[in-house]
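1. Can you look at this prediction? I've put the sequence above it.
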Amino acid sequence: MKPSELLLGSNGLLTDRVRLAIMATLAAAPEPLDFNTLLDALQLTKGNLSAHSQKLEEAGMIEVKKEFVGKKPRTTYRCTDKGKSEMRAYLAQIEAMLKMATGGA
């Protein structure tokens, strides 16, 4: 198998740098993150974060919770178990590809 073939079988959602950054941030977070915290951490536009998070939510990789706190809307995000599993699999594929490409063990 060629190194590039490893990535062709990977989760296509995670090959996008923005979605990968969202997933990495949420997977490492001990609790759900609110919209503004995630927006600031990743330096994204509101539309960019919304569009990418919607794709991840549709795939079951993140959970999005919308509620009102007082009279203000609050949206929080958390990485699901499926999302964490997909991240581990993707990172294992990247590691295997790099080992193949560099002649590592």
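-> In hand now; what should we look at? Predicted model, so just to flag it, every value in this text is computed and none were measured.
2. Specify the next element, helix or strand, located C-terminal of the helix or strand harbouring residue 36.
-> Following DSSP states H and E, one finds residue 36 within helix 35-42. Heading C-terminal from helix 35-42, the first helix or strand you meet, by DSSP H and E, is helix 46-58.
3. now that next one and helix 35-42, what's the angle there?
-> Relative orientation of helix 46-58 versus helix 35-42 (axes from the mean of the first three to the mean of the last three C-alpha atoms, to 10 degrees): 100 degrees.
4. Just the CA atoms of the helix or strand following helix 46-58, as CSV, please.
-> Note on helix 46-58: by DSSP H and E, the next helix or strand toward the C-terminus is strand 62-69. Output of strand 62-69 as CSV, limited to C-alpha atoms (Å, rounded to 0.1, in the frame of the first residue of the first chain):
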residue,chain,number,x,y,z
ILE,A,62,-20.0,16.5,17.6
GLU,A,63,-23.1,17.4,19.6
VAL,A,64,-24.5,20.9,19.3
LYS,A,65,-26.8,22.1,22.1
LYS,A,66,-28.8,25.3,21.7
GLU,A,67,-30.5,26.8,24.7
PHE,A,68,-31.4,30.1,26.2
VAL,A,69,-29.6,31.4,29.4
